[in-house]
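A.B. asks: Pasting a predicted model and its sequence here:
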Amino acid sequence: MNNTKKTAGIVIASLTALGILGGCSGNKTGGTAAATSSAQSATVANAIGFHETGLPIVDTPVQLRAITMRWGSMGNTFEANAFLQQLERDSNVDIVWEVKSSSDWNEQKSLLFASRDMPDIAIGNQTFNTTDISNNRDYFIPLDDLIDKYMPNLKAAFAETPELRRAATAPDGKIYSLPARLPARPITRNMTIINKTWLDRLGLAEPQTLDDLYNVLKAFKEQDANGNGNLNDEIPYTDGYKVDFLTPFGILDCNELNLMVKDGKVVDIRAIPEYRDGIAYMARLYADGLLDPEMFTQDDTMRNGKYQNPGASRVGMSYQWTPDAVFGGWSSEYIAIAPLIGPDGKRYAQGDPNGVWAISGNEMSITTFCKTPEVAARWADQFYTNEATIQNFWGAVGTVIKANSDGTYELNAPPAGTSADAWYWEQSLRDFGPGYASPAFESKLKLNPESGDGFKLEIDKLTKEYVTTPFPRISYTVEELDELAILSSDITSYMDRSRSKWITEGGITAEWDAYMTQLNRMGLDRYLAIHEGAYRRYMGN
């Protein structure tokens, strides 16, 4: 580093006067007013010894306040990642992390925008999404010039994978948040996970069709499948409502947007005949006691208690990422099976031919409260290399990752008592944050086919040929968002109420025409037209 202790006091005093060292902490001014003018930016750059290339990024340490959202109570263990710590030392950029929990983030986020106590940077597409950025545009810096001047790694990624730029581009043609391409992504999202021990105990084959599944679940319910002598403790299927149940009917909604392109047009999956037939099938299962009667009322604690019940396994089947995703000590009883054959004689799978959630936008934004956006941009660009990306996704080289002399990488076994996936989330930002793993780099990854992401890729072979391109996560103009908010409030509420009623009480076939008539009265045609226009614009970028 090029720090000079002799001048540190003078520089720190200068930065304090400019409001730099504290990042955005305590900044209560409006977004536009907080943006740094070009003259002030140049003054700041000179004061801190900013370098346009190479490391360190600055001569005098600069602090950036970063906010990120994590699932549940995951906390900030990722901060111990040796790659992140080394980057701080090499760059002279000190990241002050503020880690929020998903359990109350929506409320906290609203308060954050209202208070204008914004961070310098936001990390992860679950922190500030497209709607947040569109509705609060004055709080976010357009990044195009910063990318052009200070982010050569990202520019190279754009050139190699044009879809990356498309994912980052807003409807006005500008980029307000940075994208990512993750490594080793499977083609299939959730898979049909079934208790193989129960199948074998009852002499049943893996189900191939919807009728097969019905018969298997009925046997699970009635024939003491777990072998503990209690005929009443088996739950053939439990979880909440999942679109996976509708997959055999040709409904493919990997991104859970309730939208897909059918016969060249954007449709809402909840307003097509295939949805009607899929919900009717679910209603049949529910009426015969093959779906958990608490599936719509239980919370995660109740559900996990059933998955991991002590003494005997209780659940016959579910749709999950991998067999070990939820079943704990019973994981060895479960296997993934091929997609069921639907009414049209075909198999379908929820997923994405480009890799499930492999490419995403909104992975890092720089707010207008940030006094050193050039520093933030250069710091972010350090993540757009292959080795940086895998360390941000799994954990540091030397801890989670082993770098081999032949240029390949492999993952170490997780500590005893934890799963590989849980370990990766503990050691890294995982799915969140900027980064780019080149498609050509994938061949250098040696993953264990019996554990973690390697296992997912192995079972993915059962299903990936049945995956089609899902409706993408696209950006909307502020005007479109405003109109969609008005339309979707009543439409979505009506659709959700109807679905719950139909699954638990039946009646969807008889009531379908009236349902569609009501949706049209609520403005379904206009709702779909907005999505159609946004989709065509996205595809044209």
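C.D. replies: The structure has been received and is ready for your questions.
A.B. asks: so who does Thr238 touch?
C.D. replies: Counting by Cβ atoms under 8 Å, 6 or more residues apart in numbering, Thr238 makes contact with Leu291, Asp292, Glu294, Met295, Gln298, Arg303, Lys306, Tyr307, Val315, Ser318. (Each C-beta comes from the backbone N, C-alpha and C, glycine too.)
A.B. asks: And those residues, which is closest to Asn412?
C.D. replies: For these, the minimum distance to Asn412 (Cβ to Cβ) is 27.2 Å, reached by Tyr307.
A.B. asks: from memory the closest one sits against Gln320, does it?
C.D. replies: No. Tyr307 is beyond contact range of Gln320, at 9.2 Å (criterion: Cβ atoms under 8 Å).
A.B. asks: what is in contact with those two at once?
C.D. replies: Jointly contacting Tyr307 and Gln320 under the rule Cβ under 8 Å, 6+ apart are Val326.
A.B. asks: for the stretch 151-300 of the chain, which spans come out with low pLDDT?
C.D. replies: Of all residues in the stretch 151-300 of the chain, none has pLDDT under 70.
A.B. asks: My error: substitute the chain in the last question.
C.D. replies: Applying pLDDT under 70 to the chain flags residues 1-43, 541.
A.B. asks: Does the closest residue in space to Asn136 that isn't next to it in sequence fall in a helix, a strand, or a coil region?
C.D. replies: Among residues not flanking Asn136 along the chain, Phe113 sits closest, at 5.7 Å (Cβ to Cβ, 6 or more residues apart in numbering). Assigned with DSSP: H, G, I helix; E, B strand; the rest coil, Phe113 falls in the helix class.
A.B. asks: Contacts only, for Phe113.
C.D. replies: Asp132, Asn136, Tyr139.
A.B. asks: again, but for Pro434
C.D. replies: Ile123, Leu154, Leu178, Pro179, Ala180, Glu363, Met364, Ala380, Phe383, Tyr384.
A.B. asks: at 7 Å instead, please
C.D. replies: Leu178, Ala180, Glu363, Met364, Ala380, Phe383, Tyr384 (Cβ atoms under 7 Å, 6 or more residues apart in numbering).
A.B. asks: now do Glu163
C.D. replies: By Cβ under 7 Å, 6+ apart, Glu163 lies in contact with Asn354, Ile359.
A.B. asks: mind checking the SS state of Leu87?
C.D. replies: Secondary structure, three-state DSSP: Leu87 is helix.
A.B. asks: Can you pick out the most distant pair from the contacts of Thr238?
C.D. replies: Farthest-apart pair in those is Leu291 and Tyr307; separation 15.2 Å (Cβ to Cβ).
A.B. asks: Helices along the stretch 101-250 of the chain, start to end?
C.D. replies: Using DSSP state H, counting those that start in this stretch, the helices assigned to the stretch 101-250 of the chain run over residues 105-115, 130-135, 144-150, 152-160, 162-168, 196-202, 210-222.
A.B. asks: Now render these as a markdown table, adding distance to Asn232.
C.D. replies: Shown next, in a markdown table, are the helices of the stretch 101-250 of the chain (distance: least, Cβ to Cβ, whole Å):
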| stretch | distance to Asn232 |
| --- | --- |
| helix 105-115 | 39 |
| helix 130-135 | 46 |
| helix 144-150 | 61 |
| helix 152-160 | 56 |
| helix 162-168 | 49 |
| helix 196-202 | 15 |
| helix 210-222 | 9 |
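A.B. asks: so which of these comes closest to Leu429?
C.D. replies: Closest approach to Leu429 among the helices of the stretch 101-250 of the chain (Cβ to Cβ): helix 105-115, 15.7 Å.
A.B. asks: Kindly provide the distance from Glu363 to Tyr424.
C.D. replies: Separation of Glu363 from Tyr424 (Cβ to Cβ, to the nearest Å) stands at 17 Å.
A.B. asks: If you could redo that for Gly329, that was the one I meant.
C.D. replies: Distance, Gly329 to Tyr424, using Cβ to Cβ: 20 Å.
A.B. asks: higher neighbour count, the two?
C.D. replies: Tyr424 (20 against 11; other Cβ atoms under 10 Å).
A.B. asks: Could I get the contacting residues of the more buried one?
C.D. replies: Tyr424 touches Trp394, Gly395, Val400, Arg430, Gly452, counting by Cβ under 7 Å, 6+ apart.
A.B. asks: what about Asp513, which SS state?
C.D. replies: Following three-state DSSP, Asp513 is assigned to helix.
A.B. asks: for the chain, which helix is longest?
C.D. replies: As assigned by DSSP state H, the longest helix anywhere in the chain is helix 478-505.
A.B. asks: For stretch 486-495, output the C-alpha coordinates as CSV.
C.D. replies: Output of stretch 486-495 as CSV, limited to C-alpha atoms (Å, rounded to 0.1, in the frame of the first residue of the first chain):
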residue,chain,number,x,y,z
ILE,A,486,-53.3,-0.7,-9.3
LEU,A,487,-54.3,-3.5,-11.5
SER,A,488,-52.5,-6.3,-9.7
SER,A,489,-53.8,-5.6,-6.3
ASP,A,490,-57.3,-6.8,-7.0
ILE,A,491,-56.4,-9.3,-9.7
THR,A,492,-53.8,-11.1,-7.6
SER,A,493,-55.9,-11.1,-4.4
TYR,A,494,-58.8,-12.6,-6.4
MET,A,495,-56.6,-15.2,-8.0
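A.B. asks: now what about it, what contacts it?
C.D. replies: The contact list for stretch 486-495 (Cβ under 7 Å, 6+ apart) reads Arg270, Gln518, Leu519, Met522, Gly523, Leu524, Arg526, Tyr527.
A.B. asks: now with 8 Å?
C.D. replies: Outside stretch 486-495, the residues within contact range by Cβ under 8 Å, 6+ apart are Arg270, Ala271, Gln518, Leu519, Met522, Gly523, Leu524, Arg526, Tyr527, Ile530.
A.B. asks: give the contact list for Val356.
C.D. replies: When contacts are counted by Cβ under 8 Å, 6+ apart, Val356 is found next to Arg185, Pro186, Ile187, Thr188, Arg189, Cys254.
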